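# following is a predicted model, sequence given first.
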Amino acid sequence: MVKKLHIVLLLIIVSTAYNRVFAQECGITSINDAEGLYNVGKFNESISRLNYCLNSKGGLNYDEKVQAYRLIAMSYLAMDSTANASDVIQKMLSLKSNFEVDARDPDRFRMQVNFIRTQMQANLTSSVSKKAESIDHAPATINIITAQDILDRGYTDIEQLFHDLPGFDISRTSGLTYSAMFQRGYRTAANTDRTLLLVDGVEDNEMWSNAAFITRQYPLSNIKRVEVIYGPASTIYGANAFVGVINIITKNGDDYFKQENTREDLTKLTQYKVTGQFGAGNMNSKYGDVTVAVKKRDLFFSVTGRLYHADDTDLSSYPDWDSKWTASEFGPNRYQNVFTQPYSQKTADLYKTYDPTGKYYTVNNAGTQIVPTAAAISRADSLDQANYKKGYNGISTAFSDPVRDGFISAKLQMGDFKIGLEYQRWSEGASPDYNDKYYAVSSALTNWEVRQKFLYVRYDRNLSERLSFSDFTYFRTSDFGQNSVTTRYYGYANAGLGFQDFLAGTTPYFKSNYFSEQSQQFRTENRVNYVINEKTDINLGVELRNGLFQGDYVNSAVADPINTGVTAAGIKGGNYYSIFDAGVYGQASYQDRPRKLNLSAGGRMDHNQINGKYGYGTVFNPRLSAVYYPGKFVFKAIYSEAFLDASVYNKFATSSARLVNNPTLTPERVKNLEFTARFTPFVKSYIEVAYYNARYSNILGTVNVDTLGVKTTQYQAIGKSHIQGVQVTAEHYITSHISLYANCTFTDPKSQVTTNGESKLVRIGDISSFSSNAGVNWRTLHDKLNLNLRANFVGDKPVGVNTTISGSPYTETPGYTLLSGAASYAITKMLTFQCSSTNIGNILYYSPGVRAASGVQSSRVPQPGRIVFLKLIANLGN
């Protein structure tokens, strides 16, 4: 018995010693031994040794695992096992995304790493956390439209693609901002100013108004993909990433010059590529969109330009834009209501000085009102019509809505440095936003033009195996061009002129108001990412912004507001404001791959000062997320907060109805809770359901104020909203050539309204309770012919009484169903002919108007009928 016990103890000691020795071999010693085996051609032994250590608990640390994958991949390539090598390289890059090959590594390994990295980048996003991470596992709900989607679906401009996405209610009026996109049920006044728009990470919202002008100016030929992030993102981006982020990512050298053959070394070639689209369609539409790209080793340069000219939908046959003033437009009751005034002896004496005989006014039987006579109503109506038909300074007021948009950008990359610039200009008729009884609807008299420029420098560098650094600096400017103008008709029936004006002999007239605005900003951001171990990393950043912004409009009655315009009288301290912003943010991420669990926690603190005195002060916004991905499922839980800094326009601009500015406006706030579930039964097929619950506070609104005895209004942070909804998206490949996609959105938007001291929740107007989109794509004839068909269903959008758009004369904007499609045929590898069409059924449907949509601004705008485009798409190069 004792002998047997000795034998057992001896075996335990030997086994323990053996394991200790082997465990020691699984450190750097095993890496060195495996490299020695690789160098003498014993590839299988090298792979076996390293796989044992990789599978042993605690066998290798983070850096050793990276080197182990490197040696295994090189061994597989040496044995011509490319598929196995690719799998190992993918694991290595998943562990260390910034892995850099050694100059001494075999050429084939270096090329294979670059090849796999390019493939993997298609499934990575950096729009959520400003670091590369898996799209499926990123802590946000994301939707992506690729360059191939844009081509297959036949989009002619960037705005069209948002109609096929969930979570957007779009009011396309073809007016001041062409299209206002309301993301996740948040209806703004007139702009897309709660969604942050980026182009390659550079903010593209117009600085003065915060508006994202998403119209026809953006090129398509250089877009790699468009990433749409749903939900608040202030934790990373600071102010104004309020309801979501849109990031337009343009192509770089690896996208234009893809390495199709991993054995081919392209670094010795000078490569060039010319891509473009040329199209023409009805409504006098035509555009050209061209990119030229060149690459030599680590030097890459591209330049992109686009011109788009068209005439938007002719609305001259509709009563609100027919430029006709007839007796039926405003009846006698209208003049009766506008001219009637409360009785006072002072008013009666004043009127008597103008009309001693009392021909045009009288006092009612009760003695409480001064009312117009029938003669006054008849003469006022006659003067309104006669002067309206005269036009303005010989310029016709007949409806017109031309589009003249342009864009040019360039990008230079030299190793770790990137330099880019952009200039865009859009000049479009703004007439559809207005009723022609209040404004001239000729584009010569009512038009909007905006120009933007930016220049950026970016430096990205891996400082060590675990530490990466990024510096992103840019300067941008924005201004209104020479042709930003509105022309109002001051008549009696539209209340532009009052009864006193009538009695004084003031005749109705048109008056133009030209606008000027100029602002500029310098911004720099420094960010580091440190990998603590294979499970944990931290992302830290500091951002500084300093800008000089114009406060109020500069206005002029003639077409040179920069030189002849003036601001509102009495602006103290001047009309330019120095605005300084500082932000510090951080995010810690934990990835437990064996448990299929990712956790992240982040926060950002922002500080703002205006002229060193005003501003919103300091705010903090957190984000917490958990992502669990067992098998074919992905579950996400996200809590995030964000804030919206009111635009310079909201803080400082005034109007005839809003005489008091408010430089100390409190930021709007949102708290959002979100849950997402995704199921991927097959490769390239998935269904995802996302539920969100958002509570908004400090929403911008107008309140009545009394300043020095003058009653007017002022912007204040007074509103609250509660918006919740569900988004469902799905995609399925029936075969490798036939694919389907579908999505739908359920929205329940409510806003708190206070009437006579009593608060209640009412329906937010212009938001559909339900909408859905679907499409099918079929590639056939050896991939030469591509057919695409899409459908959009948009439900009724409530307006009017019991909604936030209470001034609308309607109760709803009716829903509709549209069909659109495209057919593309590859004539050669370099040329493709395409025919695309929107609203194939040529149905009449409407889009809600902007602002109050009460009739002064259009309550709803008819949309284009069937539009057909013929295009030639080129892809030339070596």
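That came through, no problem. Residues are numbered from 1 along each chain as shown.

# mind listing the helices for the stretch 401-550 of the chain?
499-503 (DSSP state H, counting those that start in this stretch).

# just the buried residues of stretch 804-817, please?
Buried positions in stretch 804-817, judged by neighbour count with 16 or more other CB atoms under 10 Å: 804, 805, 807, 808, 810, 812, 813, 815, 816. The C-beta positions use only the backbone N, C-alpha and C, and glycine is treated the same way.

# and what of stretch 478-493?
In stretch 478-493, counting by 16+ other CB under 10 Å, buried: 478-481, 483-493.

# regarding it, how distant is the last residue from the first?
Start-to-end span of stretch 478-493 (CA to CA, to the nearest Å) is 38 Å.

# swap in stretch 857-870?
By CA to CA, one end of stretch 857-870 lies 35 Å from the other end.

# equivalent analysis for stretch 351-358, please.
9 Å.

# with stretch 508-527 instead?
Using CA to CA, the two ends of stretch 508-527 sit 60 Å apart.

# how is this protein divided into domains?
2-120, 253-319+396-877, 324-390 (automatic domain parsing).

# deepest of those domains, which one?
Comparing the domains of the chain by mean neighbour count (mean count of other CB atoms under 10 Å), domain 253-319+396-877 comes out on top with a mean of 18.

# packing partners for the helix or strand where residue 749 lies?
For residue 749, the host element (DSSP states H and E) is strand 738-755. Using 3 or more CB pairs under 8 Å, 6 or more residues apart in numbering; DSSP states H and E, the elements in contact with strand 738-755 are strand 710-733, strand 758-763, strand 770-780.

# select, out of the ones you listed, the one closest to residue 512.
Residue 512 lies closest, by CB to CB, to one member of those: strand 710-733, at 24.0 Å.

# can you list the strands that the strand holding residue 749 pairs with?
strand 710-733 (antiparallel), strand 758-763 (antiparallel), strand 770-780 (antiparallel) (DSSP bridges).

# any idea how far the second one is from the chain center?
Relative to the chain's own centre, strand 758-763 is displaced by 30 Å; criterion: CA atoms, centre = their mean, to the nearest Å.

# contacts for that strand next, please.
Outside of strand 758-763, the residues within contact range by CB atoms under 8 Å, 6 or more residues apart in numbering are 722, 749, 750, 751, 752, 753, 798, 802, 803, 804.

# re the thing from before, in TSV, list the domains of the chain along with mean pLDDT and distance to residue 152.
Shown next, in TSV, are the domains of the chain (pLDDT from 0 to 100; distance: least, CB to CB, whole Å):
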stretch	mean pLDDT	distance to residue 152
domain 2-120	78	20
domain 253-319+396-877	93	5
domain 324-390	92	45
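
# got the contact list for residue 698?
Contacts of residue 698 by CB under 8 Å, 6+ apart are 666, 667, 668, 669, 717, 718, 719.

# repeat that for residue 834.
154, 822, 823, 824, 825, 869, 870, 871, 872, 873.

# which strand or helix spans it?
Per DSSP H and E: strand 831-838 holds residue 834.

# can you name the element that comes right after that strand?
Following strand 831-838 toward the C-terminus (DSSP H and E): strand 846-848.

# what's the next secondary structure element after that next one?
strand 860-862.

# so what strands line up beside that next one?
Here, using DSSP bridges, strand 860-862 pairs with strand 846-848 (antiparallel).

# contact partners of the strand it pairs with?
Residues contacting strand 846-848 (CB under 8 Å, 6+ apart): 170-173, 765-766, 797, 799, 805, 813-814, 859-863.

# for residue 457, give its distance to residue 547.
Per CB to CB, to the nearest Å, residue 457 is found 18 Å from residue 547.

# roughly how far apart are the closest residue to residue 734 other than its chain neighbours and residue 860?
Nearest non-adjacent residue to residue 734, counting by CB to CB, 6 or more residues apart in numbering: residue 740, 6.7 Å away. The gap separating residue 740 from residue 860 is 33 Å, by CB to CB.

# surely residue 91 and residue 68 touch.
No: using CB atoms under 8 Å, residue 91 is not in contact with residue 68; the gap is 10.0 Å.

# which SSE is immediately downstream of whichever strand or helix holds residue 63?
Counting by DSSP H and E, the element that carries residue 63 is helix 62-78. Downstream of helix 62-78, the first helix or strand assigned by DSSP H and E is helix 82-95.

# output that next one as PDB, restricted to C-alpha atoms.
Provided in PDB are the C-alpha atoms of helix 82-95 (Å, rounded to 0.1, in the frame of the first residue of the first chain):
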ATOM      1  CA  THR A  82      -3.900  30.300 -48.300                       C
ATOM      2  CA  ALA A  83      -7.400  29.700 -46.900                       C
ATOM      3  CA  ASN A  84      -6.000  28.600 -43.500                       C
ATOM      4  CA  ALA A  85      -3.600  31.500 -43.500                       C
ATOM      5  CA  SER A  86      -6.500  34.000 -44.200                       C
ATOM      6  CA  ASP A  87      -8.500  32.600 -41.200                       C
ATOM      7  CA  VAL A  88      -5.500  33.100 -38.900                       C
ATOM      8  CA  ILE A  89      -4.700  36.600 -40.200                       C
ATOM      9  CA  GLN A  90      -8.300  37.500 -39.600                       C
ATOM     10  CA  LYS A  91      -8.000  36.300 -36.000                       C
ATOM     11  CA  MET A  92      -4.800  38.300 -35.600                       C
ATOM     12  CA  LEU A  93      -6.300  41.500 -37.000                       C
ATOM     13  CA  SER A  94      -9.400  41.000 -34.800                       C
ATOM     14  CA  LEU A  95      -7.000  40.900 -31.800                       C
END
